[in-house]
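Asker: missing the sequence, but the structure's below:
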C-alpha cells in the first residue's frame, strides 16, 4: 500500500495507506524519496487557519465567497517532493526510468504523474536528491525578489529568515542588493550572514526601521520583502522603506491585522505595497516569466552550488513520525528550518550526499 500523510483536523495528523494509482497513458510512476513540509501553507491547514477551510475561492471572479474550498481530512497535501521514476507508460520515453525528479505530488510514498509535468525536472547525475525538495520554495523566494524589482546596489530589508526568507536573502545578494536580514532567532540571523546579508538585525532588540534608517543616513531601504507572515512584521517593513519605496508582502497572513496601521508611514511616505504569491508572477513580468521558469532557474542555482540548500535542512525524519514533526513545527518553530519526510528506502541525508559525490 501507499503511505500518505493526512491532516485529519486542527492539530491532528495521521499516516494512512491508500491503494496505488493505476499507470495511465502519458504518465510515469514516481517513488518518493523525500518530501518537505511547508511551515507556511501546510501549517495553516494544521492549525485550521487556512482561508480555504472557511471560505470558498471563486477562481473565475478572483474572490473568496461564502462556503468552503476544502474540507478535512486534507490527504496528500505537500508541494516539495523528490523521487525516482520507477515505471513509465509505453508511450513515455522522457523522463527515463531511474531518473531522480522533483515536483509536486504531495506527502505520499508514490504517485502517478503526467510525464509532461516533469519536463526539465530531472536532477543531474551527482546532485544531492535533497536539493529537489527546494524547487517550489526557491521559486516562491525568487518570485518575491522579482516583485521587489531589485537592482544592483539597492538597499533591501528582508523580514523573516525562515526557509523562504533565507532563500530570498541569498537570491537578492546574488542580484546585487545590500541586504539587511531581520528575524528574532539568532541561528537564522547567523545563517543569513553566511548567505551574504550585510547586516542581521534581531527584531527583539528594537526597531528594524530605525536601524535601517541609521544605516542609510535617514533615507530608509529602497525595498523590503516581508516573509514572516506576521502583520507586525509587515507594518515594520512599511516603516523601513524610503518615501515612495516598495514593500513586497510575500508572507501568508492569517486573521485580522490590528498591528497594520495604514494611516501612518504607509500613507505619509506613499509606500508601494505589492503582493507576491506563487500561483503567478509579477504582472509586469508575465510576458517573460512563469512559475516553471522560476523553478528551473532556482534549481539551476542550487545544483550549481550558488545557493546552499543543504544548510537549510534541520530535520530528516521517517514519514511514520509525521504527527510528531508537525507538532514540533507548530509549537517549537525556533528549533526547525526545513523539515523533510523520508520515504521507503531513501538513504539518510549524509549517505545521500556521499553517494551523490561519488556518482
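Answerer: Sure thing, it's come through. The structure presented is a predicted model; accordingly, all values stated were derived computationally and were not measured. Numbering: from 1, shown residues only.
Asker: the strands in the stretch 251-359 of the chain, which residues?
Answerer: Secondary structure of the stretch 251-359 of the chain (DSSP state E, counting those that start in this stretch): strands at 272-275, 313-318, 338-342.
Asker: What mean pLDDT does stretch 193-209 get?
Answerer: Mean per-residue pLDDT for stretch 193-209: 97.
Asker: ranking the strands of the stretch 251-359 of the chain by burial, who's on top?
Answerer: Highest mean neighbour count among those (mean count of other Cβ atoms under 10 Å): strand 338-342, with a mean of 24. For every residue, glycine as well, the C-beta is placed using N, CA and C.
Asker: coming back round to it: redo the strands of the stretch 251-359 of the chain as a markdown table? Include mean pLDDT and distance to residue 23.
Answerer: Formatted as a markdown table, the strands of the stretch 251-359 of the chain follow (pLDDT from 0 to 100; distance: least, Cβ to Cβ, whole Å):
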| stretch | mean pLDDT | distance to residue 23 |
| --- | --- | --- |
| strand 272-275 | 97 | 39 |
| strand 313-318 | 96 | 27 |
| strand 338-342 | 97 | 24 |
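Asker: Would you map the helices across the stretch 1-150 of the chain?
Answerer: 41-47, 135-148 (DSSP state H, counting those that start in this stretch).
Asker: who does the first one touch, helix- and strand-wise?
Answerer: Read that as helix 41-47. strand 2-9, helix 322-331 (3 or more Cβ pairs under 8 Å, 6 or more residues apart in numbering; DSSP states H and E).
Asker: Out of the strands of the stretch 251-359 of the chain, the one nearest residue 215 is which?
Answerer: Across the strands of the stretch 251-359 of the chain, residue 215 has its closest neighbour in strand 272-275 (21.0 Å, Cβ to Cβ).
Asker: Pairing partners for that closest one, with directions?
Answerer: strand 241-249 (parallel) (DSSP bridges).
Asker: Show residues contacting the strand it pairs with.
Answerer: Strand 241-249 has contacts (Cβ atoms under 8 Å, 6 or more residues apart in numbering) with 144, 147-149, 157, 216, 219-226, 234, 237-238, 269-276.
Asker: same deal with stretch 110-118?
Answerer: Applying Cβ under 8 Å, 6+ apart, the set of residues contacting stretch 110-118 is 2, 20-24, 26-32, 81, 83, 85-86, 88-89, 92, 94-95, 101, 103, 105.
Asker: Can you list the buried residues in it?
Answerer: 110-113, 115, 117-118 (16 or more other Cβ atoms under 10 Å).
Asker: Return the members of the contacts of strand 241-249 classed as buried.
Answerer: 144, 147-149, 157, 216, 220-226, 234, 237-238, 271, 273-274, 276.
Asker: Which of the residues you listed fall in helices?
Answerer: Using DSSP state H, the subset of the buried ones among the contacts of strand 241-249 located in helices is 144, 147-148, 234, 237-238.
Asker: Where does pLDDT dip in this protein?
Answerer: Scanning the chain for pLDDT under 70 picks out 345, 349-359.
Asker: how near is residue 91 to residue 67?
Answerer: Using Cβ to Cβ, to the nearest Å, residue 91 is found at 40 Å from residue 67.
Asker: nope, residue 246 is what I meant
Answerer: 35 Å.
Asker: Just want to know which of the two has more residues nearby.
Answerer: residue 246 (20 against 10; other Cβ atoms under 10 Å).
Asker: sorry, back to before: closest one to residue 317 out of the buried residues of stretch 110-118, please.
Answerer: Nearest to residue 317 among the buried residues of stretch 110-118, with distances taken as Cβ to Cβ, is residue 110, at 18.9 Å.
Asker: Counting neighbours, what do you get for residue 40?
Answerer: 18.
Asker: which residue packs closest to it, ignoring adjacent ones?
Answerer: Leaving out its chain neighbours, the residue that sits closest to residue 40 by Cβ to Cβ, 6 or more residues apart in numbering is residue 252, at 4.9 Å.
Asker: if we can go back for a sec, single out the most deeply packed of the helices of the stretch 1-150 of the chain.
Answerer: helix 135-148 (a mean of 26).
Asker: how far off strand 241-249 does that helix point, in degrees?
Answerer: 150 degrees (axes from the mean of the first three to the mean of the last three Cα atoms, to 10 degrees).
Asker: helices or strands next to helix 135-148 in the packing?
Answerer: helix 163-174, strand 221-226, strand 241-249, helix 291-303.
Asker: With distance to residue 344 as extra columns, can I get the ones you listed in a markdown table?
Answerer: A markdown table is the format used below for the helices and strands packed on helix 135-148 (distance: least, Cβ to Cβ, whole Å):
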| stretch | distance to residue 344 |
| --- | --- |
| helix 163-174 | 24 |
| strand 221-226 | 37 |
| strand 241-249 | 39 |
| helix 291-303 | 23 |
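Asker: Show me the one of these that comes nearest residue 8.
Answerer: That would be, of the helices and strands packed on helix 135-148 and by Cβ to Cβ, helix 163-174, which comes in at 25.3 Å.
Asker: Just after that closest one, pick out the following helix or strand.
Answerer: strand 178-183 (DSSP states H and E).
Asker: What strands line up against that next one, and which way round?
Answerer: strand 155-159 (parallel), strand 199-202 (parallel).
Asker: And the contacts of it?
Answerer: Taking contacts as Cβ under 8 Å, 6+ apart, the residues outside strand 178-183 that touch it are 153-162, 165-166, 169, 172-173, 189, 192-193, 195-203, 208, 211-212, 215, 221, 228, 233, 236.
Asker: Recalculate using a threshold of 6 Å.
Answerer: Under the contact criterion Cβ atoms under 6 Å, 6 or more residues apart in numbering, strand 178-183 has outside partners 155-159, 161, 169, 172-173, 189, 192, 197-201, 203, 208, 212.
Asker: With that, I have no additional questions.
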